[in-house]
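> pasting the sequence and the predicted coordinates here, then a few questions.
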Amino acid sequence: MLRGVNDGSSLPTLRLRQSNRSVWIGVYQVPEEDVDLEFCTKWKIPVIRRQNPGGAVYQDEGSFCYSLFFPKEELFSRLGLHDSMDLYPLMGRAVAATCGEYGVEALTSPVNDVTIRGRKVYGSAQVEFYNAFVHSGSFLVSTDLEAMQRALMPSALKFADKGFTTVKERVINLSEAVGRCIPVEEVMDRLAAQIARALAIDLAPAPLLPAEQELAEELNREKYSRKEWTFRNQPAFTTVLATKARSGVITLEARMDGGVIAEARVRGDFLLPDQNEMGRVLERMAQQPLEAARQLVQSSALPEDLKDGLERLLGELQWSSAFAVGNHVTGY
C-alpha cells in the first residue's frame, strides 16, 4: 500500500488489522538478541522482521495494529507539520482520547508511546518511501501479557531510564485499566473515529484493491516469508558498543583497521523514518578515520537523537582505539 500511495495507484488509507499470535521485530533488530526463539518455536509463534524500525512487538487477537498511508507533503502541509516526529504526539493524542472514552487517563510518552499510569498501552513507528509515508501503531486491549513476556527479551539498556525490569511490568492492557473485558473491534472503531477527527479526514470502508492484494502476496512470497529476510547472515565485527537515545537503543558494530573504520553496522530499536539515510551514512563512513566519521554523522539528515547517539559511540570507539594503540606501542 505504501508503494501504491507513492505511485498514485492507491488512495490514502487507514488500515486496521489483527493477527494470530506472532512476534514482529524492527528492521534494525537481531532476532537472536531480542526474541526468545526457543519459546516461540515451542509454541509455534512465528517471528517476522517488519519493514519499519522500532522494537520487537508481540501480537495476538487481544491487540490490533493500524497503519496510516498517505502522500507526505500534502498531509504535512495541511496539518502544519514541519517534521515527521511531530506526527507521533498527534497520533498519540488520538489514542489517549480513545482511552478517555472508557474513563481512563492516558498520556503521550516521548517519543512514540502512550501510557496509562506509567505503563505502555500503545507504541508506534514510521517509514518514509519517496513521496509516501506510513505511520503505524500497536494497541494493547486484552493481550496475553504472560506470553508477551516469555517471547520478548529486551535489553536492560532499553528499560534503564523507565524504572522497569520486565516486559510485564512495562505494559498494560486497556481492559485491565478499565476493569472489564473490552471487545477489540470496538476499540478499533473508536480509534479510527478519533484519528479521523484529529486529521480532519473522512473515512469510508473499502477492501484491498486487487493490485494491492497481488503485490502483497508477491512481497510475502519473495521477501517477508523467507527465512533470510528475518534471520540474516551477518559478518563478525570486532567492536560492539551500545547507547540509549531518545527514541531507543542504538548499537554500533565496527571492524577497525588501525584508526580507520573498515566496515560498520548499526542495529537497535530506535526510530528512523528514512532508512535510506542510515545506509548512506554507513556507506560513507567505510574507510574513514573516526573523526571524519563523526563529522559525517553530524552533517547527515539523521534525526538529532540518532546523531547524538552515534557520535557518542564513535567517540567511545575513538577513545578505545587510541587506548589499544597506546597499549600496543608501550608494551603494557
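That came through fine.

> right, and the helix or strand after the strand or helix carrying S124?
Using DSSP states H and E, S124 maps to strand 119-129. Using DSSP H and E, the next helix or strand after strand 119-129 towards the C-terminus is strand 132-140.

> next helix or strand past that following strand?
In N-to-C order, the element after strand 132-140 by DSSP H and E is helix 145-151.

> look up how far G137 lies from the residue nearest to R170 when sequence neighbours are not counted.
Distance criterion Cβ to Cβ, 6 or more residues apart in numbering; nearest residue to R170, sequence neighbours excluded, is F164 at 4.4 Å. Heads up, the C-betas are built off the backbone N, CA and C, glycines and all. Distance of F164 to G137, computed by Cβ to Cβ, to the nearest Å: 21 Å.

> which one of the two has more residues nearby?
Higher neighbour count among F164 and G137: G137, with 24 against 17, using other Cβ atoms under 10 Å.

> show me where pLDDT drops low in the chain?
The model of the chain has pLDDT under 70 over residues 159-162, 321-332.

> can you give me the helices in it?
For the chain, applying DSSP state H gives helices covering 2-7, 31-34, 37-42, 72-79, 87-100, 145-151, 167-170, 174-178, 184-199, 210-219, 227-230, 275-285, 290-298, 304-330.

> show me what the third one is packed up against.
Right, the one you point to is helix 37-42. If you count contacts as 3 or more Cβ pairs under 8 Å, 6 or more residues apart in numbering; DSSP states H and E, helix 37-42 packs onto helix 145-151.

> buried ones in the helix it packs on?
Of all the residues in helix 145-151, those buried under the rule 16 or more other Cβ atoms under 10 Å are L145, A147, M148, Q149, R150, A151.

> let's have these in JSON lines, adding distance to S320.
Shown next, in JSON lines, are these (distance: Cβ to Cβ, whole Å):
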{"residue": "L145", "distance to S320": "39"}
{"residue": "A147", "distance to S320": "40"}
{"residue": "M148", "distance to S320": "36"}
{"residue": "Q149", "distance to S320": "35"}
{"residue": "R150", "distance to S320": "36"}
{"residue": "A151", "distance to S320": "34"}
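
> which of those residues lies closest to V27?
A151 (18.6 Å; Cβ to Cβ).

> pull the contacting residues for the closest one.
Counting by Cβ atoms under 8 Å, 6 or more residues apart in numbering, A151 makes contact with V23, V35, D36, F39, C40, I45, Y58.

> ditto for K44
Residues counted as contacts of K44 (Cβ under 8 Å, 6+ apart): none.
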